[in-house]
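[1] what shape does this take:
(chains A and B)
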Number of protein chains: 2
Amino acid sequence: MRQSAEQEAVLAANEAFYRAFARRDLAAMDRLWAESAEVTCLHPGWGPCRGRDAVMESWAGILGNAEAPHIRCLRSQATIYGDVAVVVCYEAIEQSYLIATNLFVCEAGAWKLVHHQAGPLAAEPPEPEASGGPEHSRLH
Amino acid sequence: MRQSAEQEAVLAANEAFYRAFARRDLAAMDRLWAESAEVTCLHPGWGPCRGRDAVMESWAGILGNAEAPHIRCLRSQATIYGDVAVVVCYEAIEQSYLIATNLFVCEAGAWKLVHHQAGPLAAEPPEPEASGGPEHSRLH
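    Residues are numbered from 1 along each chain as shown, chains lettered A, B, ... in the order given. Next comes the predicted model:
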């Protein structure tokens, strides 16, 4: 299935999130999170970080850690619900895999993160189906 | 902070989700998920269940398991982003805790689930702050 321009835009924002994460680029990470909408972040194993200050403080700690593992985003799929978009993707961190929910809202014409949750997978992601392109849907 | 009527409604839908889960009531669970909007469910450790049939099949398996542990929802907090609502809450499953993201859209006047992710916590949830009522915000 062909993706809509909106899905491409939100998947680009999702890629930018993982690029900032992999490069430990806190300034880029900061620009990706919403400025006015409420934000929450659920790092694996953690309780919720609520509000922009707490969320950015958590990223400063994670990205400032020289031992932080490399991360790659795999097989992201976007669903648009009006003014809100959800991306589900796998995260490959060295030899282990997580799965993530990333929630975006449109703010000043750009998709910005308002929520992230990542949690461990019990097994490696299955191989993608040969016929499977990115899934998408649109509520409105 | 006082909660809006919308927040109360979405938190009631979230409570109904955990009630259906705890009672292993598949018919109630089915009614809680959106009918027309795209749905996805990330059970702890699993890859994504995508689409209503796959999501309900996963719940049929979980709720049909006589060994399924009891579950309670704790400290749910709702954020409204226009026509979409996000609830973050803890899940107490016997002696362990998870944290969950539950995403709702308004469909035919009722908040319906479109996405669920739950993942393990590394520690027990902290005690709630004495001053802390449910947080809330509204984008529009």
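
[2] would you check that A:F21 makes contact with A:M29?
    Yes - using Cβ atoms under 8 Å, A:F21 is in contact with A:M29, at 7.0 Å. From N, CA and C alone the C-beta is placed, and that goes for glycine too.

[3] nearest residue to A:E6 in space, please, no chain neighbours.
    Setting aside the residues directly before and after it, A:E6 is nearest to A:I80 in space (Cβ to Cβ, 6 or more residues apart in numbering or on different chains), at 5.4 Å.

[4] tell me the secondary structure at that neighbour.
    Recorded secondary structure, A:I80: strand (DSSP: H, G, I helix; E, B strand; the rest coil).

[5] one step back: which residues are common contacts for A:F21 and A:M29?
    A:L63 (Cβ atoms under 8 Å, 6 or more residues apart in numbering or on different chains).

[6] which parts of chain A sit against chain B?
    A:36-38, A:40, A:42, A:44-48, A:50, A:77, A:79, A:81-84, A:86, A:88, A:90, A:99, A:101, A:103, A:105, A:114-115, A:117-123, A:125-126, A:135, A:137, A:139-140 (Cβ under 8 Å from any Cβ of the partner chain).

[7] inside helices: which ones of those?
    If you go by DSSP state H, these have nothing in helices.

[8] any idea how many residues pack against the residue of chain A found nearest chain B?
    Chain A approaches chain B most closely through A:G119 (2.3 Å), counting by Cβ to the nearest Cβ. Counted with other Cβ atoms under 10 Å in any protein chain shown, the neighbours of A:G119 add up to 27.

[9] mind listing what it touches?
    A:P44, A:L98, A:I99, A:A100, B:L42, B:P44, B:G45, B:Q117, B:A118, B:G119, B:P120.

[10] which residue packs closest to the residue nearest to the spatial centre of chain A, ignoring adjacent ones?
    Chain A has A:N102 as the residue nearest its centroid, 4.0 Å off, counting by Cα atoms, centre = their mean. Ranked by Cβ to Cβ, 6+ apart and with sequence neighbours excluded, the top spatial neighbour of A:N102 is A:V87, at 4.4 Å.

[11] now that neighbour: how far from A:A110?
    15 Å (Cβ to Cβ, to the nearest Å).

[12] between those two, which is the more surrounded one?
    In terms of neighbours (other Cβ under 10 Å), A:V87 is the more surrounded of A:V87 and A:A110; the figures are 24 against 15.

[13] so what pLDDT did that one get?
    The score at A:V87 is 98. That number is its pLDDT.

[14] beta partners of the residue of chain A closest to chain B?
    Beta-bridge partners for A:G119, by DSSP bridges, are A:I99.

[15] mind listing what's buried in the lengthiest helix in chain A?
    Taking DSSP H as the assignment, the helix of chain A that covers the most residues is helix A:5-22. For helix A:5-22, a neighbour-count test (16 or more other Cβ atoms under 10 Å in any protein chain shown) marks A:Q7, A:A9, A:V10, A:L11, A:A13, A:N14, A:A16, A:F17, A:Y18, A:A20, A:F21 as buried.
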